[in-house]
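Asks: pasted the sequence and its predicted model underneath.
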Amino acid sequence: MTHKVFIDGAAGTTGLEIAERLAGRSEFALVTLPDAERKSAARRAEALNDADFVILCLPDEAAREAVAMIDNDRTRVIDASTAHRVAPGWVYGFPEVSGHDAVAGAARVSNPGCYSTGFIALVAPLVRAGLLPADWAYVCHAVSGYSGGGKALIERFEADRDIAWRGYALTLGHKHVPEMQARCGLTTAPLFSPAVIPAHRGMVVEVPLPLAAIPGTGTPEAMRAALADHYAGSAVVAMGEPPADGEMLLRGSDAGSDRLELFVFANADASQARLVARLDNLGKGASGACVQNLNIMAGLPETTGLRL
Ligand SMILES: NC(=O)C1=CN([C@@H]2O[C@H](COP(=O)(O)OP(=O)(O)OC[C@H]3O[C@@H](n4cnc5c(N)ncnc54)[C@H](OP(=O)(O)O)[C@@H]3O)[C@@H](O)[C@H]2O)C=CC1
Ligand SMILES: CC(=O)N[C@@H](CCC(=O)OP(=O)(O)O)C(=O)O
């Protein structure tokens, strides 16, 4: 069976990478609109309603408009934007955390934010396992390659090679915070400080834990074991090999990957720990996750077409 897939926003950064991953796959017939028509409401409405699966790679407002244009109950949607990540009626498209069955049976799937993917991958299983409290005020630092900001940020970083680090969300209202809090079941919103580095792709998300000061935490070993157990059997998410030389590097030349690696670093007396997630913002952080969700929704092996 061939599924008709329409990517709305196929000319953008996330859309192009999804199209690359789907190219040549016989299970899917990919529909994209010619450049002159890709923003035509009438042509988009037609394509949205004709498809079995729609992947929205659009700004939030355009994603909401696209969903409203669907007037049949057959077309299933994966939204890469932030528009529906805590919306009722939408399944959060992180199968390793939300459950594969939930994604498989869903008509509406919201793809997680890139930073949220790292934070939730680390914190949600540890809260569930009782090794981290749900009522702590967590802090999260992260760096992203500039492709995380789509075409506009790519153009800016490629035009100004002198930017070495760009801190933002300085008024603390980043759009990923609601999904981070909701999907980990936290009582308090995490304090999130993201930054962009002069690499095209790549991401590191870190949750520093002053363990001795947090009531009711497990040991770093117990955290490593719980994460390894939670992701056992996943070809996408796994514990990373702790670096033998004591440092972690992102390189500007790193190839794209759909993997997500997790680490628990700690000091000798286990009074402090650093939870770290390394991923590709365009891989498990966006396009790779969309393709994984599409595979699951279409009843196909979940890693087909992924770069693992
Ligand atoms: N880049 C990343 O790492 C991640 C991105 N996302 C999310 O994915 C979505 C897409 O992001 P990204 O690919 O980076 O962004 P881009 O800006 O690279 O691409 C967005 C595309 O949508 C098109 N577009 C805008 N408005 C409309 C409209 N009304 N109708 C049809 N097309 C429209 C744009 O057109 P034009 O080319 O003319 O500007 C552009 O091609 C966003 O919601 C983003 O937040 C999520 C996780 C990570
Ligand atoms: C580097 C950079 O700018 N990143 C984007 C998030 C990318 C992402 O995950 O996008 P959505 O949540 O919009 O889907 C940002 O912080 O706004």
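Replies: Here it is on my side, so go on. Ligands and ions are numbered 1, 2, ... in the order given.
Asks: burial count for the residue in the stretch 1-150 of the chain positioned nearest to ligand 1?
Replies: For the stretch 1-150 of the chain, the residue closest to ligand 1 is Gly12, as judged by C-beta to the nearest ligand atom, at 2.0 Å. Just so you know, the C-beta spots here come from the backbone N, C-alpha and C atoms, and that holds for glycine as well. A count of nearby residues for Gly12, using other C-beta atoms under 10 Å, gives 18.
Asks: repeat for the one 5 residues further on
Replies: Residues near Glu17, counting by other C-beta under 10 Å, number 23.
Asks: cool, and Gly216?
Replies: 11.
Asks: shift numbering so it begins at 32
Replies: OK, 32 is where the count begins now, so the last one is Gly247.
Asks: contact partners for it?
Replies: Contact analysis of Gly247 by C-beta atoms under 8 Å, 6 or more residues apart in numbering lists Gly161, Pro164.
Asks: before we move on, back to that, surely the residue of the stretch 32-181 of the chain closest to ligand 1 touches Gly181?
Replies: Yes - Gly43 is within contact range of Gly181, at 6.1 Å (criterion: C-beta atoms under 8 Å).
Asks: any residues touching stretch 199-207, and which ones?
Replies: Counting by C-beta under 8 Å, 6+ apart, Thr113, Gly144, Tyr146, Ser147, Phe150, Leu222, Phe223, Ser224, Pro225, Ala226, Val227 sit against stretch 199-207.
Asks: so who does Leu61 touch?
Replies: Leu61 sits next to Val36, Ile38, Ala50, Leu53, Ala54 when contact means C-beta under 8 Å, 6+ apart.
Asks: quick one, phi/psi of it?
Replies: In terms of degrees, to the nearest 10, the main-chain angles of Leu61 are phi -90, psi 130.
Asks: buried set for stretch 298-307?
Replies: In terms of neighbour count (16 or more other C-beta atoms under 10 Å), stretch 298-307 has its buried residues at Ala301, Gln303, Ala304, Leu306, Val307.
Asks: between the two ends of it, what distance do you get?
Replies: With C-alpha to C-alpha, to the nearest Å as the measure, stretch 298-307 spans 14 Å from end to end.
Asks: what about it, average pLDDT?
Replies: Confidence for stretch 298-307, expressed as mean pLDDT, is 98.
Asks: and it, how far out from the chain middle?
Replies: The chain centroid and the centroid of stretch 298-307 are separated by 26 Å under C-alpha atoms, centre = their mean, to the nearest Å.
Asks: can you map out the helices along the chain?
Replies: Using DSSP state H, the helices found in the chain span residues 44-53, 72-81, 91-100, 126-129, 131-135, 145-159, 181-190, 208-215, 251-261, 319-328.
Asks: quick check, distance from the fifth one to the centre of its chain.
Replies: For helix 131-135, the distance from its own C-alpha centre to the chain's C-alpha centre is 16 Å (C-alpha atoms, centre = their mean).
Asks: among the contacts of Leu61, which one lies nearest to ligand 2?
Replies: Ligand 2 lies nearest to Ile38 out of these, by C-beta to the nearest ligand atom, at 14.9 Å.
Asks: which residues does the closest one bridge with?
Replies: Ile38 forms beta bridges with Ile86, as assigned by DSSP bridges.
Asks: quick one, what contacts it?
Replies: Applying C-beta under 8 Å, 6+ apart, we find Ile38 in contact with Gly46, Ile49, Ala50, Leu61, Val62, Thr63, Val85, Ile86, Cys88.
Asks: next, count neighbours for Leu203.
Replies: 10.
Asks: do Ala135 as well
Replies: 17.
Asks: so where's the chain uncertain?
Replies: In the prediction, the chain carries no residues with pLDDT under 70.
Asks: hmm, back to that, as TSV, the buried residues of stretch 298-307 with distance to ligand 2 would be great.
Replies: As requested, the buried residues of stretch 298-307 are exported to TSV (distance: C-beta to the nearest ligand atom, whole Å):
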residue	distance to ligand 2
Ala301	33
Gln303	27
Ala304	25
Leu306	19
Val307	18
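Asks: so which of those sit within strands?
Replies: Counting by DSSP state E, the buried residues of stretch 298-307 place Ala304, Leu306, Val307 in strands.
Asks: and the residues you listed, which is closest to Glu278?
Replies: Glu278 lies nearest to Val307 out of these, by C-beta to C-beta, at 12.0 Å.
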